[in-house]
Each structure stands twice: as C-alpha cells, then as structure tokens.
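Asks: I'd like to go over a predicted model; first the sequence, then the structure.
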Amino acid sequence: MSISELEQTTALRILIYLLKRGTASRTDLRKDIDASVAAIYNALPKLRKLGLIKEEGKGSFPFTIHVSLTEKGQKVAEHIAEIERILTEHAES
C-alpha cells in the first residue's frame, strides 16, 4: 500500500483526530469527522492494514469498538500534523 491509498479516503483526518484525541470510538469518528460514514468505514481497514491503527472492543454490551494509533501510526500522524501546520502557517503569510 502506498500514500495514494490514504489520499483517496478520510484516513488523514482520522490520523490527525486520533493524534489529538488519543482513543475514540467508531461513533466518535462518525460524529466528529467531516466525512461520510462510508468514507470512514472504508478508511479504517486501510489504516489497520498499514499498521497505523488498532481497534479494540469489549466482549460485552455495549459493544463499543475503540480505535487508537499504533506507535507507527503516532509517528505518521505527527508528520501529517507538521505538514498541516506548515501549510496553515504559509497560508496566513
């Protein structure tokens, strides 16, 4: 998988969101990220396959699945956040 896989989804937004938040439920992602539910659910398996996120769920009701960054995902998200900061900084100049 390459970076082109990420640009076609909301994957970058999810990574930044998890960097800021730490852990989030799938419901939080749907509610807080400006993207369609389908886009979010299409991005999650790609991020998991790249080893950037992990998903953990409880075995009992309510069956909430929590999403968080892996160590690798943390590094990637930090770089993306830095790119975003640079772009925003230069846009304001």
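Replies: Noted; the coordinates are in hand. Please read these numbers as outputs of a predicted model, since none were measured by experiment.
Asks: touching, Ile40 and Ile14? I think so.
Replies: Yes: counting by C-beta atoms under 8 Å, a contact exists between Ile40 and Ile14, whose distance comes to 7.0 Å. Just so you know, the C-beta spots here come from the backbone N, C-alpha and C atoms, and that holds for glycine as well.
Asks: the residue nearest to Phe63 when sequence neighbours are not counted: what's it in contact with?
Replies: Sequence neighbours aside, Gly57 is the residue nearest to Phe63 in space, at 6.2 Å (criterion: C-beta to C-beta, 6 or more residues apart in numbering). When the contact criterion is C-beta atoms under 8 Å, 6 or more residues apart in numbering, the partners of Gly57 are 63-66.
Asks: coming back round to it: out of Ile40 and Ile14, which sits in the busier spot?
Replies: Neighbour tally, Ile40 and Ile14, criterion other C-beta atoms under 10 Å: the higher count belongs to Ile14, 27 against 19.
Asks: which other residues reach the helix or strand that contains that one?
Replies: Using DSSP states H and E, the element containing Ile14 is helix 11-21. Counting by C-beta under 8 Å, 6+ apart, the neighbours of helix 11-21 from elsewhere in the structure are 5-6, 24, 28-29, 32-35, 40, 43-44, 46-47, 52-53, 67-69, 73-74, 76-78, 80-81, 84.
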